[in-house]
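[1] Pasting the sequence and the predicted coordinates here, then a few questions.
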Amino acid sequence: MAIAFRIIAGRDDQSVALLAWPIAWGETGVMSFMIDQQDRVYQANLGEESAAKAQEITRFTPDADAGWQVAEP
């Protein structure tokens, strides 16, 4: 699986989180992930525009209305 990732702000200004998304949606995967400093992992299928949507995310806000859900092991 080929992914891109970057560090984003956490829920508060004292923390950070990791945001990861597939480089080629549908070919290298379909799920994007957010992981906070407490190792909580959330996933969402952001669709074919995953890369553009990921660039718009600047803070760890795994909103269920936006499709984010807790990732099950």
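    Sure thing, it's come through.
[2] Just give the nearest non-adjacent residue to residue 28, would you?
    Nearest residue to residue 28 in three dimensions, chain neighbours excluded: residue 2, at 4.1 Å (CB to CB, 6 or more residues apart in numbering). (C-beta placed from N, C-alpha, C; glycine too.)
[3] and that neighbour, what pLDDT?
    According to the prediction, residue 2 has pLDDT 92.
[4] Strands along this structure, start to end?
    Remark: strands assigned in the chain by DSSP state E are 3-9, 16-22, 32-36, 41-44, 69-70.
[5] and the gap between residue 4 and residue 35?
    The spacing between residue 4 and residue 35, counted by CB to CB, to the nearest Å, is 14 Å.
[6] of these two, who's got more company?
    Higher neighbour count among residue 4 and residue 35: residue 35, with 18 against 15, using other CB atoms under 10 Å.
[7] State the pLDDT value of the closest residue to that one other than its chain neighbours.
    Closest residue in space to residue 35, ignoring its immediate chain neighbours: residue 18 at 4.6 Å, by CB to CB, 6+ apart. Per-residue confidence at residue 18 stands at 98 (pLDDT).
[8] Thought residue 3 was touching residue 18, still the case?
    No. Residue 18 is beyond contact range of residue 3, at 10.5 Å (criterion: CB atoms under 8 Å).
[9] What are the buried residues along stretch 61-73?
    Buried residues in stretch 61-73, counted by 16 or more other CB atoms under 10 Å: 62, 68.
[10] Fine by me, we can end here.
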